[in-house]
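Visitor: sharing a model prediction with you, sequence too.
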Amino acid sequence: MAKTEKAIEALLKEGRTFSPSKKFRDNAHVQDEALYRKAKRNREKLWEDFAKELDWFKKWRKVLTWKVPDAKWFTGGKLNVSYNCLDRHIETARKNKAAIIWVGEFGESITLTYWELYREVNKFANVLKNLGVKKGDRVTIYLPMIPELAIAMLACARIGAPHSIVFGGFSPDSLRDRIRDCKAKVLITSDGGYRRGKVIPLKKNADEALKKTPSIKKVVVVNRVGDKEKVRMKRGRDLWWHKLMEDTSPYCAPERMDSEDMLFILYTSGTTGKPKGIVHTTGGYMVGAYATTKLVFDLKEEDTYWCTADIGWVTGHSYIVYGPLANGATSIMYEGAPDYPDIGRFWAIVEKYAVNIFYTAPTAIRAFMKWGEEHPKKYDLSSLRLLGSVGEPINPEAWMWYHTHIGGKKCPIVDTWWQTETGSILITALPGLTKLKPGSTTIPFPGIEADVVDEAGKSVKVGAGYLVINSPWPSMLRGIYGDRRRYVDTYWSKYPGIYFTGDGAKRDKDGYIWVLGRVDDVMNVAGHRISTMEVESALVDHPAVVESAVVGKSHDLKGQAIVAFTTLKRDVKSSPKLLEELRAHVAKKIGAIARPDEIIFTADLPKTRSGKIMRRLLRNIAEGAVLGDTTTLADPSVVNQLREQHEHKEG
Ligand code: PRX
């Protein structure tokens, strides 16, 4: 965090700003402050008016019921999310418009028009029903970025079965834990998925997980890689997607969902080893995803929009599928990596489909910077009119590079701050209006009461503190699945009645917010949230390890890198081979995203007299920074030894 703070200080002094061009502003959905004024006058009316732009089977009786920490939005309203994403468009000229343009790793593509997507979703909804899935039953989806992923989630929404999507890069153990936590009835997976030309054996991973998931009755398997991966189908349990779709009727009536019925669960890392199942409901989530997609991305009928996230994360849920489709947009879905088959891939896609709006993460931008501007230069990027950033603080150099070399100095950049828990974007510029400052996420979306407060909860007008949200918003989480206590403790206990985000932030004299990063034991590695405890548990699971303390360290490309201070059993000798084995062990236990960048073997870990590991100290050692006060340490010599080892390693 120290590095980020320094960078922000420098920026604040410099005071560079960027305003939208007249052309952009004159055509934007939001051109003046009216929405902010409306929100100030009557926040509920603002959200109600957004809700009116969607289709409801029955109108709500009450916009908001708020009894800390439980919000109910649009009480009594009935709607269906898949109806809002599909049915209402097929009655219009959008019927044959591309809903999803899918681009495969090998460059092949499939376009699904609204009508085609509607048919596929209806059919698969019937498949799920035929497999015995009923309203309220949970369905886990473990798929690569293929069209079936979007189809499956919309089909779940159609029949009212909450989906729990597990990122395809997660390990069998991670998948197993997520299935067990929500007791899913059906698992949807594929034989495999492609990653940089290699096959990821998803079905094999699933088989491993399924050994300990008694709740799963049926497994639907998509054929993606064919002969490249042999799969074993368990009779009576495992069924091929394409076979099930063959003779299924093409219409399935959308379930009338209550506004507060659960739409999905999405697991995210918290401060303990166990991931949290974040619960989102139907009406409020749909309103939040719809309104922010429309206004933050200034989405127009003729736009081609591309969010590069994976649907396994919340960004993909809200801004590849639900938000864009509710708006009737054309959304690109890309299967592969930015550097496969070559590092021009993203720009080739922008050129080929004349992408207008492009939304990606700072990690990717920093990688493009490293690869050099000569790559995007080879492509025609003139169709772009708006850029977005999400997932972690964007450093000003990366912002400027993005603005210059991708946006051709003409595209506003919306740096959007939000979380799995918030469901949709909460702090962001509105591109036709807001003056941008590189590195700042700017100001709260209309209707969002974000604040920066000190330890005591007092608002910090100018300066650093904790980022909190003072009042409820429609797409906020409704709980942690099956863990009421953790929900209350994590979000509503530090400041009663106020949502605690877990982020630190600074507010400048213009009221702009600069997110500093997590203030809890959660790391943000390449835009992915990983808990230090999860990695520690994976390490101590290895027979050679006694104890481990994991911290995040600033990293030029990934934002943060994972550093694990590790104590080995007395009779085990450290070696480069063991180090690699431990890194691989973590990747196997959690997934490749959690593989430690560095492991530092140490005879002991620095602890306070009461036995708590001193993480701040370890973070400082990892950063190579000067040590703070060590007088509360039980054995201060441990620190010096650790620091020496680390310096030796760096050297
Ligand atoms: O620390 C913040 C960071 O990502 C966290 C949320 O992670 P997750 O739930 O995985 O959702 C990521 C995508 C919405 C936040 O607590 N974060 C997200 N967006 C930004 C950000 N940090 C700085 N600037 C952002 N724009």
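Guide: Right, received. Where do you want to start? Not measured: the values here are computed from a predicted model.
Visitor: doesn't residue 584 lie inside a helix?
Guide: Yes - with DSSP: H, G, I helix; E, B strand; the rest coil as the criterion, residue 584 is located in a helix.
Visitor: residues touching the closest residue to it other than its chain neighbours, list them.
Guide: Nearest-residue entry for residue 584: residue 595, 7.6 Å, with adjacent residues in sequence omitted and distances by Cβ to Cβ, 6 or more residues apart in numbering. The C-beta positions use only the backbone N, C-alpha and C, and glycine is treated the same way. The neighbourhood of residue 595, defined by Cβ atoms under 8 Å, 6 or more residues apart in numbering, consists of 562, 583, 584, 586, 587.
Visitor: what's the spacing between the residue with the largest distance to the centre of the chain and residue 558?
Guide: The outermost residue of the chain relative to its centre, with distances by Cα atoms, centre = their mean, is residue 571 at 41.9 Å. Here residue 571 is placed at a distance of 35 Å from residue 558 (Cβ to Cβ, to the nearest Å).
Visitor: next one: residue 236
Guide: Note on residue 236: its distance to residue 558, by Cβ to Cβ, is 44 Å.
Visitor: ranges for the helices of the stretch 351-500 of the chain?
Guide: Assigned helices in the stretch 351-500 of the chain, in chain order: 362-371, 374-377, 396-401, 484-492 (criterion: DSSP state H, counting those that start in this stretch).
Visitor: just so I know, which of those helices lies nearest the ligand?
Guide: helix 362-371 (7.9 Å; Cβ to the nearest ligand atom).
Visitor: enumerate the residues of this structure near the ligand.
Guide: Where proximity means Cβ under 6 Å from any ligand atom, the interface of the chain facing the ligand comprises 268, 314-315, 390-393, 415-420, 441, 501-503, 515, 517-518, 524, 529.
Visitor: out of those, which end up buried?
Guide: Neighbour counting with 16 or more other Cβ atoms under 10 Å marks 268, 314-315, 390-393, 415-420, 441, 501-503, 515, 517-518, 524, 529 as buried within these.
Visitor: what's across from the residue in the stretch 151-300 of the chain that the ligand sits nearest to in the sheet?
Guide: Closest to the ligand within the stretch 151-300 of the chain is residue 268: 5.1 Å, counting by Cβ to the nearest ligand atom. With DSSP bridges applied, the residues forming beta bridges to residue 268 are residue 276.
Visitor: change the start of the numbering to 31 and stick with it
Guide: Noted, 31 is the first residue going forward, which turns the last one into residue 298.
Visitor: residue 560 in helix, strand or coil?
Guide: For residue 560, the secondary structure call by three-state DSSP comes out as strand.
Visitor: I figured it hits residue 627, correct?
Guide: No - because the distance of 11.6 Å does not satisfy Cβ atoms under 8 Å, residue 560 is recorded as not touching residue 627.
Visitor: mutual contacts of the two, please.
Guide: Overlap between the contact sets of residue 560 and residue 627, as judged by Cβ under 8 Å, 6+ apart, is given by residue 592.
Visitor: tell me which of those two has more neighbours.
Guide: Ranked by neighbour count (other Cβ atoms under 10 Å), residue 560 and residue 627 place residue 560 first, with 22 against 16.
Visitor: separation between residue 503 and the ligand?
Guide: Counting by Cβ to the nearest ligand atom, to the nearest Å, the gap between residue 503 and the ligand amounts to 14 Å.
Visitor: and the nearest residue to that residue once chain neighbours are set aside, what does it touch?
Guide: Counting by Cβ to Cβ, 6+ apart, residue 503 lies nearest to residue 478, which is 5.8 Å off, once chain neighbours are set aside. With contacts taken as Cβ under 8 Å, 6+ apart, residue 478 has the following neighbours: 456, 457, 499, 503.
Visitor: helices of the stretch 581-681 of the chain, start to end?
Guide: 606-619, 645-653, 667-680.
Visitor: what angle separates the last one from helix 645-653?
Guide: In other words, helix 667-680. Helix 667-680 and helix 645-653 are oriented at 30 degrees to each other (axes from the mean of the first three to the mean of the last three Cα atoms, to 10 degrees).
Visitor: okay, helix 667-680 in CSV with CA atoms only?
Guide: Written as CSV, here are the backbone C-alpha positions of helix 667-680 (Å, rounded to 0.1, in the frame of the first residue of the first chain):
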residue,chain,number,x,y,z
SER,A,667,16.2,-11.5,16.0
VAL,A,668,13.8,-13.5,13.9
VAL,A,669,13.0,-10.4,11.9
ASN,A,670,16.6,-9.5,11.2
GLN,A,671,17.3,-13.0,10.0
LEU,A,672,14.2,-12.9,7.8
ARG,A,673,15.1,-9.6,6.3
GLU,A,674,18.6,-10.8,5.6
GLN,A,675,17.4,-13.9,3.9
HIS,A,676,15.0,-11.9,1.8
GLU,A,677,17.6,-9.4,0.7
HIS,A,678,20.0,-12.2,-0.1
LYS,A,679,17.3,-13.7,-2.3
GLU,A,680,16.5,-10.5,-4.1
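Visitor: I would like the residues contacting that helix, please.
Guide: Residues from elsewhere that reach helix 667-680, judged by Cβ under 8 Å, 6+ apart: 595, 628, 630-636, 647-648, 651-652, 654, 657, 660, 663.
Visitor: restricted to buried residues, select those residues in PyMOL.
Guide: What follows is the PyMOL syntax for the buried subset of the contacts of helix 667-680, where burial is set by 16+ other Cβ under 10 Å:
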select buried, resi 595+628+630+631+632+634+635+636+647+648+651+652+663
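Visitor: neighbours of residue 327, how many?
Guide: With neighbours defined by other Cβ under 10 Å, the count for residue 327 comes to 29.
Visitor: and for it, nearest residue in space, chain neighbours not counted?
Guide: Distance criterion Cβ to Cβ, 6+ apart; nearest residue to residue 327, sequence neighbours excluded, is residue 387 at 5.1 Å.
Visitor: again with residue 589
Guide: Closest residue to residue 589 apart from its sequence neighbours, by Cβ to Cβ, 6+ apart: residue 422 at 4.6 Å.
Visitor: and for residue 656?
Guide: Of all residues not flanking residue 656 in the chain, residue 650 sits nearest, at 7.1 Å (Cβ to Cβ, 6+ apart).
Visitor: where does the protein dip in pLDDT?
Guide: Judged by pLDDT under 70, the chain has its weakly predicted residues at 31-35, 37-38, 41-44, 680-681.
Visitor: pull the longest helix from it.
Guide: helix 144-160 (DSSP state H).
Visitor: please name every helix or strand in contact with the next helix or strand after it.
Guide: Downstream of helix 144-160, the next assigned helix or strand under DSSP states H and E is strand 169-172. Helices and strands touching strand 169-172, by 3 or more Cβ pairs under 8 Å, 6 or more residues apart in numbering; DSSP states H and E, are helix 177-189, strand 193-195, helix 202-212, strand 216-220, helix 232-240.
Visitor: so for residue 331, which of those sits nearest?
Guide: Taking Cβ to Cβ, helix 177-189 is the member of the helices and strands packed on strand 169-172 nearest to residue 331, at 20.4 Å.
Visitor: packing partners for the closest one?
Guide: Here helix 177-189 is seen to pack against helix 111-112, strand 128-133, helix 144-160, strand 169-172, strand 193-195, strand 216-220, strand 292-298 when contacts are counted using 3+ Cβ pairs under 8 Å, 6+ apart.
Visitor: ok so, going back, which one of the helices of the stretch 581-681 of the chain has the most crowded surroundings?
Guide: Relative to the other members of these, helix 645-653 carries the highest mean neighbour count by mean count of other Cβ atoms under 10 Å, namely a mean of 21.
Visitor: gap between that one and the chain center?
Guide: 27 Å (Cα atoms, centre = their mean, to the nearest Å).
Visitor: I am finished for the moment; much appreciated.
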